[in-house]
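Chemist: Any chance you could fold what I've pasted below:
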Amino acid sequence: MTSDLHESRLWNRAFIFCVLNNLFLFTYYFAMLAILPVYIMRDLGGSVKEAGLALTLFLISSILVRPFSGLISEKIGKKLSFRGSEVLFVLFAFSYLWIDSMWSLLLVRFIHGIWFSILTTVTVPVANEFIPEQRRGEGMGYFVMSTNLGVVFGPLLALTITQYASFTVLFAVLSGLITIGFLFCLCIPVQDDDQQSSIEHASSSLTVHDIIEFRVLSVGVVALLTAFAYSSVMSFIAAYTETKQLMAYTSTFFLVFACSMIFVRPWVGRWFDQKGASAVIYPSFQLFALGLAVVSQLHQAWVLWLSAVLIGIGYGTLFPCLQTVAIQSVPKRRIGHAISTYFTLFDLGLAVGSVIMGLLIAYWGYTATYLFCAGMTLVTLWVYRVKVAAQVVRVQH
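Modeler: The predicted structure follows:
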């Protein structure tokens, strides 16, 4: 084990590379998410439904593989699964340069989602190795913040490039971007745990415990409900602002979101480590619910920005905190399984939420739907208090 692991310094070299690798990965991911529908309809002559299918196929393959990602990491080791999945993810990123039909795009999207699922599962236990034990909440908060920054940088980069250049140039730039991320991956001194658990599994048949980590199911359900409510923002905030003639301010919404999250990160991370998870999670749920209620009353730009501040602090804090709770709920050798279970439920919440929110908006309208999500967030707070809070206290003591 490297000497960095024994230091109390959070921003050690390995952890910095982990954060940068994750930032480049999710900047690429969200850039593709934002620009693919435009590419499909403009260059491939596809329809809105086909654009939705391309996005959904990536998510479907990711969700299908996610429950097995922890097992894959355990069987072949963190080092091989980390670098191997990243190599394949990079290679498929370059394949977009040669796509010439809708069918080839759908095939690439489906396969690309497989490597994304494995890669994003293993990056968490890898990063966790280089975070000092006493600063786990703070460190994981910064790591997850790099994911949320990708929400801002990715679409901004993609939309800016396509204003001045072709989609081929964009895909080339994004391929170069993810390649740089891979170089950071190679700089991370990943070391595998002892092979005892692998030997045990090798001598027995596959069981449900190899796929699901039951100790994180409760916090995973809380993450699912949180993602379900957040899907109303992720999938429909742009369409909502367009109905209010505020579409021009949508990019600013995500920028304010990111700035708010970054501003409070140093304090909430230390608060998590010093006061415990619930001391951060309770007010975060309340701020997230308030932000959803505020955005339901959208009529001017300042209301949109105020909601961005509240949601940025609330949801932007909840996601890393819940993920850290999942990690702290299991022994070190089961972190990969815990993360795969946690993300399976979280991804499911986003996928199902996007569909349900579309139906609710069609029948109720945006105002009622966002108010419903605000109420649901408070219900999720109650679920956390009843099902998770006591477990968190036991783990931390």
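Chemist: which stretches of this structure have low pLDDT?
Modeler: The model of the chain has pLDDT under 70 over residues 1-8, 48, 193-206, 392-397.
Chemist: So which residue is smack in the middle of it?
Modeler: Residue closest to the mean C-alpha point of the chain, counted by Cα atoms, centre = their mean, is Thr147 at 6.0 Å.
Chemist: Tell me if I'm right that it and Asn21 touch.
Modeler: No: counting by Cβ atoms under 8 Å, Thr147 does not reach Asn21; the two are 11.3 Å apart. Every C-beta, even on glycine, is put in place using the N, C-alpha and C of the backbone.
Chemist: Measure how buried Trp364 is and give me the count.
Modeler: By other Cβ atoms under 10 Å, 13 other residues sit near Trp364.
Chemist: same thing with Phe236?
Modeler: Neighbourhood size, Phe236 [other Cβ under 10 Å]: 18.
Chemist: List the buried residues of the helix or strand harbouring it.
Modeler: In the assignment (DSSP states H and E), Phe236 maps to helix 217-243. Neighbour counts over helix 217-243 (16 or more other Cβ atoms under 10 Å) mark 217-238, 240-241 as buried.
Chemist: Report the separation between the residue nearest to the centre of the chain and Ile76.
Modeler: Here Thr147 is placed at a distance of 24 Å from Ile76 (Cβ to Cβ, to the nearest Å).
Chemist: can you check Leu345 too?
Modeler: In terms of Cβ to Cβ, Leu345 sits 24 Å off from Ile76.
Chemist: And Val294, by the same measure?
Modeler: Note on Val294: its distance to Ile76, by Cβ to Cβ, is 47 Å.
Chemist: between those two, which one's more packed in?
Modeler: A count of neighbours by other Cβ under 10 Å puts Val294 above the other of Val294 and Ile76, at 20 against 13.
Chemist: Skipping adjacent residues, who's closest to that one in space?
Modeler: Using Cβ to Cβ, 6 or more residues apart in numbering and skipping residues adjacent in sequence, the residue nearest Val294 is Ser307, 4.3 Å away.
Chemist: so where does the one you found fall, helix or strand?
Modeler: Following DSSP H and E, one finds Ser307 within helix 301-328.
Chemist: angle of that helix against helix 217-243?
Modeler: Inter-element angle recorded for helix 301-328 and helix 217-243: 160 degrees (by axes from the mean of the first three to the mean of the last three Cα atoms, to 10 degrees).
Chemist: elements contacting helix 301-328?
Modeler: Using 3 or more Cβ pairs under 8 Å, 6 or more residues apart in numbering; DSSP states H and E, the elements in contact with helix 301-328 are helix 102-128, helix 136-164, helix 217-243, helix 250-275, helix 277-296, helix 335-364, helix 389-396.
Chemist: Which strands and helices lie in contact with the third one?
Modeler: Spelled out, it's helix 217-243. Counting contacts by 3+ Cβ pairs under 8 Å, 6+ apart, helix 217-243 is packed against helix 250-275, helix 277-296, helix 301-328, helix 335-364, helix 366-387.
Chemist: Between these, which one is closest to Leu91.
Modeler: Nearest of these to Leu91, taken as Cβ to Cβ: helix 335-364 at 22.9 Å.
Chemist: Pull out the buried positions in that closest one.
Modeler: Buried, per 16+ other Cβ under 10 Å, within helix 335-364: 335-351, 353-354, 357-358, 360-361.
Chemist: who does that helix touch, helix- and strand-wise?
Modeler: helix 48-76, helix 102-128, helix 217-243, helix 301-328, helix 366-387.
Chemist: Reformat those helices as a markdown table; add distance to Arg265.
Modeler: Formatted as a markdown table, these follow (distance: least, Cβ to Cβ, whole Å):
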| stretch | distance to Arg265 |
| --- | --- |
| helix 48-76 | 26 |
| helix 102-128 | 15 |
| helix 217-243 | 18 |
| helix 301-328 | 8 |
| helix 366-387 | 21 |
